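**Student:** Sharing a model prediction with you, sequence too.
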Amino acid sequence: MSKILVIDDEKMITDTLSTLIEMVLDYEVITMNDPELLLNSDLLEKESFDMVISDFMMPKIDGIDVLKAIKKIQPNAIPILLTGYSDKNNAIKSINEVGLYYYLEKPWDNDQLITIIKNGIEKKQLKEQVDKNFVIIKKRNEEITRLYDLLQKDFNSELDSMYNVIISLANIVEAKDSYTEGHTRRVSELSRMIASNMNFDEKGLRNIELAGIVHDIGKVSTPDQILNKPGRLSNEEFDIIKEHPEIGERILKPLTSMNSILHPVRHHHEKLDGTGYPDGLKGDEIILESRILAVADIFDALYTDRPYKTKFTIEKTLEILKEEASANKIDSDVVDIVSNLIENEHIFDIYKREQTLKDTVNNM
């Protein structure tokens, strides 16, 4: 609940304002009739106020000096000044001294006062949210910078060594996300299996396999509390998740040996009908490698446990893939190959190997 401090030497005014604000806006209001007593007390250290409404002309100390003193202790409180007509000009001259949000002449209009208070509180809440988002973005950027520094050290190393570095970084992502352990390995193997059935040459197979391993590398900058959230993501949290394909591309772009997989990494969440992200590509704008990676990624997400759901059966998984293909979301030819891999049971080899690996680790 928002909290407002009202200061006026006339008790009738503080009582009137307090009653009006609490009845109409349901904010908590604390009143003071002696500004000197307020400043000599510990109230401003004990209580945090979203807004301070002060009279201008009061005995011993005026409202501007009161607001300036409060600003030193609570700089984020929204200041509003009440003035009589005769002291309006002096109040206006002092606006910049305290960063005054608004001044009101007595007698005030109740509707106008309520609107000003409500807008001021909303402005403060919006600023706090922006500041919070800025801190999150700053931390993510710092982590990306650290990652860039790590990659730069190996920039001139041989190709195989570079692959090892990238794979290690992909493992860091999986270590952050406890619910998707093994996801990148499975997507990598499945993507290569699909590509092999589409007659990719060895270089193409190696590229699609590598793209599968690093497709989620951009999630290294995603806060852990979002990656591991057990419930449904908010729109704001999902917007942060949706940044990972672009961040992944930025991480890999300085590495010339990774140029061939930049498109699949950036566009593995694109949809054929243009409803995907980050670029809203359509149809032939999405290359085959990206289409394969998209289907493999969706398949594994459906066929494994996630924080927000248990795994679907293989029948339900295939049904969803076919529905997505029919809706022109994903490539129907790729889905047909997945269907064949299910029919001949080759696809289950991937998940059997993954289970064997987990059992081995658990028994160590």
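**Tutor:** Structure received.

**Student:** outside of stretch 49-59, which residues touch it?
**Tutor:** The contact list for stretch 49-59, computed with CB atoms under 8 Å, 6 or more residues apart in numbering, reads 2-10, 13, 17, 27, 30, 35, 62-64, 66-67, 70, 74, 77-84, 87, 90-91, 103, 117, 120-121, 124. Placement of C-beta: from N, CA and C, glycine included.

**Student:** Regarding that stretch, how distant is the last residue from the first?
**Tutor:** End-to-end distance for stretch 49-59: 23 Å, by CA to CA, to the nearest Å.

**Student:** buried set for that stretch?
**Tutor:** Neighbour-count burial for stretch 49-59 flags Phe49, Asp50, Met51, Val52, Ile53, Ser54, Asp55, Phe56, Met57, Met58 (criterion: 16 or more other CB atoms under 10 Å).

**Student:** same question, stretch 107-114
**Tutor:** For stretch 107-114, burial by neighbour count (16+ other CB under 10 Å) applies to Trp108, Leu113, Ile114.

**Student:** And for stretch 235-244?
**Tutor:** Glu237, Ile240, Ile241, Glu243, His244.

**Student:** returning to what we had before: now, which of the buried residues of stretch 107-114 lie within helices?
**Tutor:** Leu113, Ile114 (DSSP state H).

**Student:** Can I get the buried residues of stretch 107-114 in JSON lines including pLDDT and distance to Gly280?
**Tutor:** Shown next, in JSON lines, are the buried residues of stretch 107-114 (pLDDT from 0 to 100; distance: CB to CB, whole Å):
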{"residue": "Trp108", "pLDDT": "86", "distance to Gly280": "50"}
{"residue": "Leu113", "pLDDT": "90", "distance to Gly280": "46"}
{"residue": "Ile114", "pLDDT": "92", "distance to Gly280": "43"}
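
**Student:** what's the closest of the buried residues of stretch 107-114 to Glu345?
**Tutor:** Each of these was checked against Glu345 using CB to CB; the closest is Ile114, at 68.5 Å.

**Student:** show me what contacts that closest one?
**Tutor:** So Ile114 contacts Leu20, Ile21, Val24, Leu25 (CB under 8 Å, 6+ apart).

**Student:** Off-centre distance for stretch 254-266?
**Tutor:** 25 Å (CA atoms, centre = their mean, to the nearest Å).

**Student:** Just among the contacts of Ile114, which is most surrounded?
**Tutor:** Within these, most neighbours by other CB atoms under 10 Å means Ile21, with 22 neighbours.

**Student:** Tell me who's in contact with that residue.
**Tutor:** Shown in contact with Ile21 (CB under 8 Å, 6+ apart): Ile4, Val6, Tyr27, Val29, Ile114, Ile117.

**Student:** quick one: which of those is nearest Asp333?
**Tutor:** Using CB to CB, Tyr27 comes nearest to Asp333 of these, at 60.0 Å.

**Student:** Please tell me how far the nearest residue to that closest one once chain neighbours are set aside sits from Ile80.
**Tutor:** Once flanking residues are discounted, Tyr27 sits nearest to Ser2: 4.5 Å by CB to CB, 6 or more residues apart in numbering. Note on Ser2: its distance to Ile80, by CB to CB, to the nearest Å, is 13 Å.

**Student:** and if you look at Lys329?
**Tutor:** Counting by CB to CB, the gap from Lys329 to Ile80 is 52 Å.

**Student:** Comparing these two, which residue is more hemmed in?
**Tutor:** Between Lys329 and Ile80, counting by other CB under 10 Å, Ile80 is the more crowded of the two (22 against 18).

**Student:** is it true that the more buried one touches Leu100?
**Tutor:** Yes - the criterion here is CB atoms under 8 Å, and Ile80 meets it with Leu100 at 7.3 Å.

**Student:** Domain map for the chain?
**Tutor:** Annotated domains of the chain cover 3-126, 157-362 [automatic domain parsing].

**Student:** Just the element for Ser191, please.
**Tutor:** Per DSSP states H and E: Ser191 is located in helix 183-196.

**Student:** Oops, could you answer that again for Phe49 instead?
**Tutor:** Per DSSP H and E, there is no helix or strand for Phe49.

**Student:** Need phi/psi at it.
**Tutor:** With angles defined as degrees, to the nearest 10, Phe49 sits at phi -110, psi 140.

**Student:** Sounds good, over and out.
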